[in-house]
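# Coordinates for the following, if possible.
(one chain, ligands or ions: 2)
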Amino acid sequence: MTSLESASTLPAKVYCDAEVVRDERDAIFRRHWQYVGYESQLPAVGASLFSEVAGTPLVIVRTREGLRAYEAVCRHRAGSLEACHAGGEHFLRCRYHGWSYGHDGALINATEMQGCKDFEPGEVRLPAIELANLQGLIFARLRSGPVDFDALIAGIHERVAASGHELARLQHHATVSYDIDCNWKTYVDNFLEGYHVPLVHPSLNAILDYRSYRTELAKWYSLQSSPLDSAPNAYGSGEALYYFLYPATMLNILPDRLQTNRVVPINAQRCRVIFDFFYPREWTAEARALKYASDAAFSEQVQQEDIEICIAVQRNLASGSYVSGRLNPKRERGLPHFQQLWLNDMSSS
Ligand code: FES
Ligand SMILES: [Fe+2]
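Ligands and ions are numbered 1, 2, ... in the order given. This is a model prediction of the structure:
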């Protein structure tokens with residue numbers, strides 16, 4: 001592994017090639033844990049939640065035995081599934097020809113298939129998907145991969161608690177999604193450094209203490225942290241923690257607030273970023289709405305500043321003018337860490 005002092009960026013080509021994005025799907029996105037939703041979306045037995053990972057639709061259901069997840073693709077001719085409730089039973093039904101599956105993933109009804117030779121409905125099942133939980137945040141992975149969930153998040157509970165944050169007392173309030181004309185790694189790279197904050201985000205810079213801005217590296221994640229300036233501001237006082245969990249989940253933890261980012265590749269030069277906002281459960285609905293109104297306005301401003309710079313960088317990466325550049329060992333420590341994990345996955349695939 002290259003030292004931080006010797007690190008350079010990944011070559012521009014890997015931010016622009018359609019073939020790389022296809023390889024990343026198998027080598028990275030199908031084999032790693034990704035945040036797909038939150039537990040309170042499944043409040044009672046029978047509840048279901050549709051999400052997606054690595055381009056594969058998935059459904060999570062709450063059964064008496066706990067949460068279960070399946071690939072939500074019908075085994076007949078790949079139709080999409082929907083949640084149904086009839087006769088006191090919860091099940092999943094295909095929108096195309098109506099085959100139905102139980103919450104254990106088994107096919108329970110294949111409409112008008114009686115004449116089909118050697119067809120055993122009892123042998124047809126939706127493929128199961130592994131799930132894990134980080135204080136109410138649900139993570140999924142499609143295939144086995146190089147890291148167990150406990151190893152992925154090792155140390156996060158302790159560090160979050162030591163900063164006085166309690167994720168378990170937060171509940172979901174709102175979701176905002178952005179489609180951005182840049183490669184998903186361009187967005188991740190930008191998230192991973194505070195080097196750009198003074199120039200790109202002057203209003204954020206006013207409330208973060210840039211001199212005390214630190215980046216810590218764990219095996220599978222990095223953490224940027226900054227004391228919040230004690231002057232009254234949009235975030236209150238305390239410590240801001242910005243986690244990046246490889247490959248594409250971010251947890252932005254601030255006093256009485258969590259905002260998650262999911263980065264989803266769309267194609268080589270486009271990605272979707274989904275924000276979920278969480279606030280304390282014990283607050284009144286009015287208090288949460290008020291806090292969200294000010295957070296959302298500020299978050300939107302910062303996000304638009306990031307979007308503008310990411311689009312410009314993506315355009316320049318694709319221009320042919322640039323191949324690779326040197327990284328700042330003090331201010332961009334998170335980038336070589338992420339890029340090395342990316343290289344490990346892509347070279348072993
Ligand atoms: S594709 Fe699902 S029932 Fe036909
Ligand atoms: Fe930024």
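
# got the contact list for the residue of the stretch 101-250 of the chain found nearest ligand 1?
Nearest residue of the stretch 101-250 of the chain to ligand 1: Thr111, at 6.9 Å (C-beta to the nearest ligand atom). From N, CA and C alone the C-beta is placed, and that goes for glycine too. Taking C-beta atoms under 8 Å, 6 or more residues apart in numbering, we find Thr111 in contact with 97-99.

# List buried residues within the residues you listed.
Trp99 (16 or more other C-beta atoms under 10 Å).

# Would you reformat the contacts of Thr111 as JSON lines and include pLDDT and secondary structure?
Converted to JSON lines, those look like this (pLDDT from 0 to 100; DSSP: H, G, I helix; E, B strand; the rest coil):
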{"residue": "His97", "pLDDT": "97", "secondary structure": "coil"}
{"residue": "Gly98", "pLDDT": "96", "secondary structure": "coil"}
{"residue": "Trp99", "pLDDT": "97", "secondary structure": "coil"}
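
# so which of the contacts of Thr111 are also by ligand 1?
By C-beta under 6 Å from any ligand atom, the members of the contacts of Thr111 lying near ligand 1 are 97-99.

# can you list the residues you listed in CSV and add distance to Ala83?
Below are these laid out as CSV (distance: C-beta to C-beta, whole Å):
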residue, distance to Ala83
His97, 17
Gly98, 14
Trp99, 14
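
# Please compute how far stretch 318-334 lies from its chain's middle.
24 Å (C-alpha atoms, centre = their mean, to the nearest Å).

# which stretches of the stretch 101-250 of the chain have low pLDDT?
229-236 (pLDDT under 70).

# where along it do the helices fall?
Ranges of helices within the stretch 101-250 of the chain are 149-152, 156-162, 184-191, 197-200, 202-205, based on DSSP state H, counting those that start in this stretch.

# Can you say which of these is packed in most?
For the helices of the stretch 101-250 of the chain, the largest average neighbour count (mean count of other C-beta atoms under 10 Å) is found in helix 184-191, namely a mean of 23.

# which strands and helices sit next to that helix?
Helices and strands touching helix 184-191, as assessed by 3 or more C-beta pairs under 8 Å, 6 or more residues apart in numbering; DSSP states H and E, comprise strand 238-245, strand 257-267, strand 270-280, helix 285-317, helix 334-348.

# Compare those and give me the one nearest Leu49.
Of all the helices and strands packed on helix 184-191, strand 270-280 sits nearest to Leu49, with 12.7 Å by C-beta to C-beta.

# which residues are in contact with that closest one?
38, 167, 169-184, 186-187, 256-266, 287-288, 291-292, 295-296, 299, 303.

# quick revisit: now the helices and strands packed on helix 184-191 in TSV, with distance to ligand 1 and mean neighbour count?
Formatted as TSV, the helices and strands packed on helix 184-191 follow (distance: least, C-beta to the nearest ligand atom, whole Å; neighbours: other C-beta atoms under 10 Å):
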stretch	distance to ligand 1	mean neighbour count
strand 238-245	34	21
strand 257-267	25	20
strand 270-280	26	20
helix 285-317	37	15
helix 334-348	33	18
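
# Quick one: neighbours of Val124, just the number.
The number of residues packed near Val124 is 17, by other C-beta atoms under 10 Å.

# ah, wrong one, I meant Gln114
So Gln114, with other C-beta under 10 Å, has 7 neighbours.

# can you tell me which residues contact the closest residue to Tyr35 other than its chain neighbours?
In space, and not counting its chain neighbours, Tyr35 is closest to Thr249: 4.3 Å by C-beta to C-beta, 6 or more residues apart in numbering. Neighbouring residues of Thr249 by C-beta under 8 Å, 6+ apart: 33-35, 139, 260-263.
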